[in-house]
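In: Attaching a predicted model along with its sequence, questions to come.
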Amino acid sequence: MLEIADHFGAASYETQNVEGHWRYSGILYRDDLVRAVVDVPDSASNRQWVKQFKDRWKIRLEQLELWLVSYRIEIE
């Protein structure tokens with residue numbers, strides 16, 4: 001998470017224990033899940049950086065996939 005905080009200036013992550021199970025090619029896998037939260041402007045450069053981060057971390061964590069979810073929010 002420090003890489004995200006270093007790039008964007010801040011990041012949060014949830015420390016609750018979330019476990020996932022999924023099946024791929026007949027093999028049952030178990031994951032310990034982590035959710036990171038970053039509040040940044042929706043810009044092409046931010047999306048590109050996050051995509052590159054995902055590609056690096058898929059390799060580093062030896063994952064077939066990492067899910068990224070983005071939400072637009074309006075603060076009034």
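Out: Great, that's in hand.
In: Spell out the residue ranges of the strands in this protein.
Out: Along the chain, the segments classed as strands by DSSP state E run 12-24, 27-37.
In: Where does pLDDT dip in this structure?
Out: For the chain, not a single residue meets the criterion pLDDT under 70.
In: what do you get if the cut-off is 80, keeping everything else the same?
Out: Flagging of the chain using pLDDT under 80 yields the residue ranges 1, 15, 17.
In: In it, where's the longest helix?
Out: helix 44-60 (DSSP state H).
In: Which strands or helices does that helix pack on?
Out: For helix 44-60, the packing partners by 3 or more C-beta pairs under 8 Å, 6 or more residues apart in numbering; DSSP states H and E come out as helix 2-8. Bear in mind the C-beta positions are built from the backbone N, C-alpha and C, glycine included.
In: can you pull the buried residues of the helix it packs on?
Out: By neighbour count with 16 or more other C-beta atoms under 10 Å, helix 2-8 contains the buried residues Ile4.
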